[in-house]
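Novice: Need coordinates for the below:
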Amino acid sequence: MESLTEVKRKMKILCLHGFRTNGSFLKWRIGKWDPFIFDSFDLDFPDGLFPAGGKSDIEGIFPPPYFEWFQFDKDFTEYTNLEECITYLCDYIMANGPFDGFLGFSQGANLSALLLGYQAQGKVLKDHPPIKFFISISGTKFRDPRICDVAYKDPIKVRSIHLIGDKDWLKLPSEELVSAFHDPLILRHPQGHVIPRLDEEATQKLRDWMEKIVQEHNSEGVKMMEIKAVTGSGLNLVEGEALRTACKLDQNEGSQKEIEKGGVDAIELDAIA
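Specialist: Next up, the predicted model:
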């Protein structure tokens with residue numbers, strides 16, 4: 001039977017960097033946040049699929065090499081290498097997961113939301129557990145109608161939090177992405193198109209939000225451990241529940257006898273359940 005320690009494994013987050021930066025830069029910037037926010041998580045920061053095809057905004061701030069996930073035209077309506085990127089990320093997720101959540105900045109957030117919408121519609125990651133949560137930093141929707149009609153067809157029922165800058169040139173598109181999710185939470189900051197420093201209030205809100213996710217995960221893990229304790233003993237759930245009920249009734253009546261079925265002691269079963 002799995003131990004409680006095994007059940008309470010750290011949850012895993014796939015973190016996708018922005019256009020013409022790299023995974024190490026995103027890790028560095030996120031590292032400036034309160035460390036307790038991600039204390040119960042393992043974070044994975046892969047580099048983009050393609051080398052940067054032009055100047056990076058972080059040149060002189062953070063060392064190269066720089067990468068991009070895909071390319072786009074000046075109107076952000078036509079994309080190059082997007083399908084190849086999606087295939088690469090799905091393969092990466094299957095090989096390195098399972099992942100519980102996504103975190104993305106700018107182009108990385110756009111991709112994360114796209115994968116969530118596609119997974120909800122059964123287009124990608126069919127053999128991967130549903131992603132549970134999403135942290136979007138300056139994320140936006142794709143504008144190609146062929147993508148929108150699938151990825152954002154229905155509200156994406158993934159717990160999401162959206163960090164939006166008051167001075168971000170993509171503020172309005174970021175708010176449009178919020179509308180693609182069911183019951184989203186918005187954290188606003190006074191900065192621009194950046195991975196922001198979080199003030200005390202934003203830090204507390206994000207910590208509380210992440211803590212709820214951890215609590216739900218641990219609760220689900222304990223339930224699974226209980227189910228495996230029953231089904232692993234050769235009983236189906238209905239039989240296991242019947243035995244637990246019978247045992248409790250028998251104990252209430254003061255009986256000392258043990259109820260057995262299929263070689264499994266019902267009193268012991270009730271103790272581990």
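Novice: Name the helix or strand for residue 87, please.
Specialist: Under the criterion of DSSP states H and E, residue 87 resides in helix 82-96.
Novice: which helices and strands does that helix pack with?
Specialist: Packing partners of helix 82-96 (3 or more C-beta pairs under 8 Å, 6 or more residues apart in numbering; DSSP states H and E): strand 11-16, helix 107-120. To be clear about C-beta, it is placed using only N, CA and C from the backbone, and glycine gets the same treatment.
Novice: so how far is that helix off the chain centroid?
Specialist: Helix 82-96 sits 16 Å away from the centroid of its parent chain (C-alpha atoms, centre = their mean, to the nearest Å).
Novice: what do you get for stretch 149-164?
Specialist: With C-alpha atoms, centre = their mean, you get 12 Å for stretch 149-164.
Novice: go on, stretch 179-189?
Specialist: For stretch 179-189 - counting by C-alpha atoms, centre = their mean - the centre lies 15 Å from the chain centre.
Novice: the helices in the stretch 151-273 of the chain, which residues?
Specialist: 171-178, 200-231, 237-252, 266-272 (DSSP state H, counting those that start in this stretch).
Novice: Among those helices, which one carries the weakest average confidence?
Specialist: Ranked by mean pLDDT, the helices of the stretch 151-273 of the chain bottom out at helix 266-272, with a mean of 27.
Novice: tilt between the helix holding residue 87 and helix 107-120?
Specialist: Put simply, helix 82-96 runs at 80 degrees to helix 107-120, going by axes from the mean of the first three to the mean of the last three C-alpha atoms, to 10 degrees.
Novice: Now do the buried residues in helix 82-96.
Specialist: 82, 85, 86, 88, 89, 90, 93 (16 or more other C-beta atoms under 10 Å).
Novice: Can you lay out these as JSON lines showing pLDDT and distance to residue 161?
Specialist: Formatted as JSON lines, these follow (pLDDT from 0 to 100; distance: C-beta to C-beta, whole Å):
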{"residue": "82", "pLDDT": "96", "distance to residue 161": "25"}
{"residue": "85", "pLDDT": "97", "distance to residue 161": "24"}
{"residue": "86", "pLDDT": "97", "distance to residue 161": "23"}
{"residue": "88", "pLDDT": "97", "distance to residue 161": "26"}
{"residue": "89", "pLDDT": "98", "distance to residue 161": "21"}
{"residue": "90", "pLDDT": "98", "distance to residue 161": "24"}
{"residue": "93", "pLDDT": "98", "distance to residue 161": "20"}
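Novice: Dump those to a markdown table, plus distance to residue 212.
Specialist: Output for these, formatted as a markdown table (distance: C-beta to C-beta, whole Å):
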| residue | distance to residue 212 |
| --- | --- |
| 82 | 33 |
| 85 | 31 |
| 86 | 30 |
| 88 | 32 |
| 89 | 27 |
| 90 | 28 |
| 93 | 24 |
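Novice: returning to what we had before: dump the helices and strands packed on helix 82-96 to TSV, plus mean pLDDT, mean neighbour count and distance to residue 43.
Specialist: Formatted as TSV, the helices and strands packed on helix 82-96 follow (pLDDT from 0 to 100; neighbours: other C-beta atoms under 10 Å; distance: least, C-beta to C-beta, whole Å):
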stretch	mean pLDDT	mean neighbour count	distance to residue 43
strand 11-16	97	22	5
helix 107-120	97	24	13
